[in-house]
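>>> predicted structure and sequence below. I'll ask about it afterward.
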Amino acid sequence: MPVITYRDALRSAMAEEMERDDRVVLLGEDIGVYGGTHLVTNGLIDQFGPRRVIDTPIAENGFTGAAIGMAMAGMRPIVEMMTWNFSFQAADQIIQNAAKLRYFSGGQVSVPLVIRGPNGGGVQLSAQHTHSLEGFYGHFPGLKVVSPSTPEDVKGMMLAAIRDPDPVIFLEAGALYGTKGEVPEGDYTVEFGKARVAREGADVTLIGYGRQAPVLLRIAEKLAADGIDAEVVDLRSIRPFDSDTIVESVRKTHRAVVVQEQWRWFSVASEVAAIIQERAFDELDAPVVRVSGAEVPAPYARNLEIAAFPSEQQIIDAARRVLYLEV
Amino acid sequence: MPVITYRDALRSAMAEEMERDDRVVLLGEDIGVYGGTHLVTNGLIDQFGPRRVIDTPIAENGFTGAAIGMAMAGMRPIVEMMTWNFSFQAADQIIQNAAKLRYFSGGQVSVPLVIRGPNGGGVQLSAQHTHSLEGFYGHFPGLKVVSPSTPEDVKGMMLAAIRDPDPVIFLEAGALYGTKGEVPEGDYTVEFGKARVAREGADVTLIGYGRQAPVLLRIAEKLAADGIDAEVVDLRSIRPFDSDTIVESVRKTHRAVVVQEQWRWFSVASEVAAIIQERAFDELDAPVVRVSGAEVPAPYARNLEIAAFPSEQQIIDAARRVLYLEV
Amino acid sequence: MATTQSQGKRRRAASTPAKNGSKGSPNSKTEPRLGSDALVSLYQKMVEIRLFEDAAQRGFRQGKVGGYMHVYSGQEAVATGFLDTFREPDYAITAYRDHAHVLLLGSDPKAVMAELYGKGTGLVQGKGGSMHLFDVSNGFYGGYGIVGGHIPLGVGMAFAQAYQKTGGITQLYLGDGAIHNGAFHEAANLSGLWGRDGLNPCLFILENNQYGMGTSVERATANTDLGKKFESYAIEHTKVDGMDLEAVLKVAHDAADRVRETGKPFAVEALTYRIMPHGAADFLEKYRTKEEVRKWRERDPIGLLEKRLEDEGVEESTIADIRTAAKAKMDEAVKFAEESPEPDIAELLTDVYTDDAPVQAAG
Amino acid sequence: MATTQSQGKRRRAASTPAKNGSKGSPNSKTEPRLGSDALVSLYQKMVEIRLFEDAAQRGFRQGKVGGYMHVYSGQEAVATGFLDTFREPDYAITAYRDHAHVLLLGSDPKAVMAELYGKGTGLVQGKGGSMHLFDVSNGFYGGYGIVGGHIPLGVGMAFAQAYQKTGGITQLYLGDGAIHNGAFHEAANLSGLWGRDGLNPCLFILENNQYGMGTSVERATANTDLGKKFESYAIEHTKVDGMDLEAVLKVAHDAADRVRETGKPFAVEALTYRIMPHGAADFLEKYRTKEEVRKWRERDPIGLLEKRLEDEGVEESTIADIRTAAKAKMDEAVKFAEESPEPDIAELLTDVYTDDAPVQAAG
Ligand SMILES: Cc1ncc(C[n+]2csc(CCOP(=O)(O)OP(=O)(O)O)c2C)c(N)n1
Ligand SMILES: Cc1ncc(C[n+]2csc(CCOP(=O)(O)OP(=O)(O)O)c2C)c(N)n1
Ligand SMILES: [Mg+2]
Ligand SMILES: [Mg+2]
């Protein structure tokens, strides 16, 4: 299998589908002439022209809404949020229109729309440019929300997203754009709503997604050196959510740690803890431990930023804690 | 103590503080000449004039942002969201500016701002006009989020909110505007971050807030008739959140049911379940049960709408379930 | 180009397609039909709308219609005139004051009334209510409750028409209150921009009824010449007396032709007035005087048109017959709505996703 | 009126207040100081800004400055001219391209550079970085990263000044890209509306550097006469050559006086150019030609001013001395930044709430 970057996997999914289906167009700021701020769309304007790779003014609410209109009228637009931080300006269109149109039209219209862009922090972008919005958008019925972590998943899920008849919030792990991995040749999709067991293990389940997924794998190796056999679950899909895989894992390990960059309150980790205690109450040998970001807007200074996100040590400690080992 | 409505309690808090402090102004759509869509501000323009009771165009992002600017410059604005459903248009200002300004200015500015309005559903307003946004805003550090359910609390918390040096998201239970209750005379505030034990009980803890709080009290009486002694906790404050009161209650009852109108995923109930299993794991005799709204945009038809929200029977069944009684 | 539209199921409710006579090729012009026969048939439509609204308002007062409901009374000449230019595959989209538009596009008043009554036979099966009428089989794409929110949608739909070379245009209705919303600014700018390349056949119809709820235009903006707001985006525009059906017809046909030919947006400000309160639940009208309302009622578009028809020599009995028939039609719609069953409770959980993936019930 | 401002702690970093000479009553006019002495002192400021930006850019390339950073090079005449009219208790607010503004208002380059370096001695203690400079003791209210997002804030600040009768005005800077954002539309409309009652002394300064990132004005809107966009809101406006300091000074003083006297907003479009890439991390400039950049560099505002000073007979050595002193000052700033300690890690959890209520750490 070819080895490509997360970024190239994304681009090739879009390019391939644009070749196959001319209802697919891209919209966003500086995705064309400029080449895309994160180079995800680089070169596509040369391949498909400005009618299909549409540079927009800085009007997130307007162009997201226009894309919803295009989708209602039979097209399959893909909107780039230059970063998800700007999507608060488009929240009304995403939440009030994209998510609900099918329902309040009594099924008369669908909104086959993908909104994609980098999510998460870690490069000193400070408070307004650092968010992890999985739970924020995951809350709303009518949306689908995914957060893949490998080149293989990001390509397969992007293809699935474009073909999906409903709006998909596609949260890319911005920090992973340059990471490489094997990607199957030819056309394939990765189904939404299925978590991926990234590593099997017997002693404790580590749950995460996006940028945390590779971190958890690394930590599992470290734990292994201490004789702890961790299972790693990469959620991938936030809505629909794969409770079964988590519950099954916990039935085996009886302990779980869930890790997220985002804030603790009313979050993905809250949900994971709630589900596990609901569905595997008698299987649990320790409370589910959540490891989350600090409850502060993201700071700029490097040392503060590092301290604002979960550290490997905190995750290791959490794993040891649910095993009642010394930390 | 005088008995007044929830609506009048709100209005009197604002009017009293406006008398005391002329930095306080109101902004919103049709709050002045029209009298306020829900009559909460009715008459205030006559008392304080159009410089302090400011009717705005339909521009939620613009006037919320302007109010933030006023707050930064030494005023104490109160913004009415005609309903919280319109606040998605203002999400960028609320989340990116109000919540974070103090932090990213290194403490140089504060944003003493209250944003208030009715929240929650129940009167056939359908998909775009029915939301419960406690978890949505509660997720963000820098905001304070409250959701009082009685006239006494709503007045005391509004006074606390106006005097608070930071932005407060004030979620009124729209369905309760007309309900009456005793309100202390004179000036008083209700501190944020303290849940209210609305009824003491020994067998099971029922947790809710806003419109659900009086429902839970009613249900507790029904359960009492069946010999079940329920404790009812009205959260009141979503951020800061009073984990202690909940945990203490569960230490006593060993069982908890948490009820919310809002959607289940990544919600207040998720958080409550996560906290209880974290802090009272060994005290729990049954998993925490969540009772939430249906995972659909709100429907219009009366029968569908009723089915979209938790029913009393579902809550009773949940209480019985955590007691391992037949349902 | 792949032209299959995967819109999932189309609306299930019955409707009587009542497209206008324009059967020409998509690019042929439509002339306003100003002869007395044509005016009589448009008069009939306007009367039907008015009586539909009266019935709806009654239903609301009786507690049979719930939620928010906003009637169109007083503004009939605007949508009637503009939708006279409508032809397949055009689209129309508006806000929550949407009963007239959907009826003019041919939806059955029975299905519309049943929607207001929250019945399973409703136009959107009782899921949307008054603010969310849809009839895509007739080109009507809603029905939106958030002020400003539908404007970007309409601009996107117009783009899709040009991109797919359907020959259709989008009629995008908005209110004088909505124009101050950021969504208008962003969408209108996109429309002007895309229109430069012929990619935005969007006809903006600004229904200036002089109030956004209780806020008059003067109290909402310092530049009260609302049409001018389109100049920021290089969108050409004109004004029309929205109470005078004939005037609207002329402007509407010119404007629609122009948009169809150029692929560029165009805007018309129609000056009109709602003679009823903002919403069915509103009664206090502290923001305007009884005198003002009375004066505008003298320019009621139906009354004005009646006078025109009299001048044209249309018999009084013709008018009376139209009114009687319209009344009967609306009575029938009410009866249908009242007698229809509520939606099947299982419908609560459908239409969230197109594949109707299972979603969780309450509890 | 209660005038106590509860702003919590003011900024802790050192700053050298360098207000302009205008010591008159808040309502007296300020004249542009166009004599050669004045020009020399403004020249010095512009050179300092340029050299600050060069140093900042170097720090970025060395990996000592992180995040997003946007330099002001090429645009110096705009802020220098407008802030020459600034007097207590005026406010200024802008987006992320904010180094020049805060320096011109008197912040110490050491503290500003230390902020870019993410140090505890930084202007906002390392919490905000390049995009979030604040110095409220000098009237500077940020420093914002979301395009359009600060515009409503500025309008609200101007309202507060009029409401509190401080005599101050707000200088609200925005870019040619930001003007298409809905936040601009809503805020400008409010400004026009409130200004009618003298409640909005807001001076809009549109820094048209011809690109929003890689998107030229022509590709962002069909109406490229950006000043016109203020007409929608009945805000009067004018244009100025933003490369010519003297021209800017004249227009700026007129405009500021007018806003101060009337309590109404006014807008100035300053045509300018950024001679550097959009952000410090950007290097590909596919969206403009090297030739175009070269041409504009010929109109570099510092170069133009140098020529003017020569014409005025200012000695070459004066110029050279200014450059040398500025260079030394910036070297010192860099040294200070490099040698300063990182923020105390406990600072992570402060400034979330004004009462510094405890907040949860990561983990
Ligand atoms: C974003 C938003 N804010 C507020 C409202 C409440 N609201 C409903 S209708 C309306 C007035 C709209 O006025 P206009 O656009 O002139 O339309 P009209 O009602 O006159 O037809 C308002 C403020 C809303 N639905 N959405
Ligand atoms: C809402 C939003 N969308 C996109 C961005 C990314 N972005 C940062 S600067 C910029 C260009 C802004 O251009 P302009 O207003 O002209 O200011 P300039 O950079 O030219 O000073 C963009 C698109 C952002 N910060 N915020
Ligand atoms: Mg109106
Ligand atoms: Mg620019």
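Cool, got the structure. Ligands and ions are numbered 1, 2, ... in the order given.
>>> how about the nearest residue to whatever residue of chain C ends up closest to ligand 1, chain neighbours excluded?
Closest to ligand 1 within chain C is C:Gly175: 2.3 Å, counting by Cβ to the nearest ligand atom. To be clear about C-beta, it is placed using only N, CA and C from the backbone, and glycine gets the same treatment. What sits nearest to C:Gly175 in space, not counting adjacent residues and going by Cβ to Cβ, 6 or more residues apart in numbering or on different chains, is C:Glu207, at 5.6 Å.
>>> surely the one you found touches C:Tyr173?
Yes. In this structure, C:Glu207 is within contact of C:Tyr173 by Cβ atoms under 8 Å, at 5.9 Å.
>>> how about the strands in the chain?
Since you didn't name a chain, this refers to chain A. For chain A, the strands defined by DSSP state E cover A:3-5, A:24-28, A:53-55, A:76-80, A:114-119, A:144-146, A:168-173, A:180-182, A:196-199, A:204-208, A:230-234, A:237-239, A:256-259, A:289-291.
>>> not quite, go with chain C.
Under the criterion DSSP E, chain C contains strands at C:91-93, C:170-175, C:202-208, C:211-212, C:215-216, C:236-241, C:266-271.
>>> excluding chain neighbours, what is closest to C:Ala188?
C:Tyr233 (4.6 Å).
>>> the one you found: what's it in contact with?
C:188-189, C:191-193, D:221-223 (Cβ atoms under 8 Å, 6 or more residues apart in numbering or on different chains).
>>> so which two of those are the farthest from each other?
Greatest spatial distance in those: C:Ser191 and D:Asn223, 11.7 Å, computed using Cβ to Cβ.
>>> the more surrounded of the two?
When neighbours are counted by other Cβ atoms under 10 Å in any protein chain shown, C:Ser191 and D:Asn223 differ, and C:Ser191 comes out ahead with 35 against 17.
>>> wait, that one sits on C:Ala234?
No. Using Cβ under 8 Å, C:Ser191 makes no contact with C:Ala234, being 9.8 Å away.
>>> list the contacts of the spatially closest residue to A:Leu304 that is not a sequence neighbour.
Using Cβ to Cβ, 6+ apart and skipping the chain neighbours, the partner closest in space to A:Leu304 is D:Leu348 (4.8 Å). By Cβ under 8 Å, 6+ apart, D:Leu348 lies in contact with A:294, A:296, A:299, A:304, A:307-308, D:361.
>>> per-residue pLDDT, the residue in the stretch 51-200 of chain C that ligand 3 sits nearest to?
Closest to ligand 3 within the stretch 51-200 of chain C is C:Gly175: 3.9 Å, counting by Cβ to the ion. Reported pLDDT at C:Gly175 in the predicted model: 98.
>>> what's the answer for C:Pro26, then?
Per-residue confidence (pLDDT) for C:Pro26: 47.
>>> with C:Pro32 instead?
For C:Pro32, pLDDT reads 76.
>>> that one - how many residues pack around it?
Residues within reach of C:Pro32, counting by other Cβ under 10 Å, total 19.
>>> distance of it relative to ligand 4?
Distance, C:Pro32 to ligand 4, by Cβ to the ion, to the nearest Å: 46 Å.
>>> show me what contacts that residue?
For C:Pro32, the contacting residues are C:84, C:246, C:249-250, C:252-253, taking Cβ under 8 Å, 6+ apart as the criterion.
>>> nearest to ligand 3: which residue in the stretch 251-363 of chain C?
Proximity to ligand 3, evaluated over the stretch 251-363 of chain C using Cβ to the ion, is greatest for C:Arg274 at 7.2 Å.
>>> and that residue, how many neighbours?
20.
>>> you'd agree it is up against C:Gly74?
Yes. The pair C:Arg274 / C:Gly74 is scored as a contact, 4.8 Å apart, by Cβ under 8 Å.
>>> contacting residues for residue 239?
Going with chain A. Going by Cβ under 8 Å, 6+ apart, A:Arg239 touches A:137-138, A:143-145, B:265.
>>> let's do chain C instead
Each residue near C:Lys239 by Cβ under 8 Å, 6+ apart is listed here: C:227, C:268-271.
>>> sorry, back to before: now, the contacts of D:Leu348 that are in helices?
Counted as lying in helices by DSSP state H, out of these, are A:304, A:307-308.
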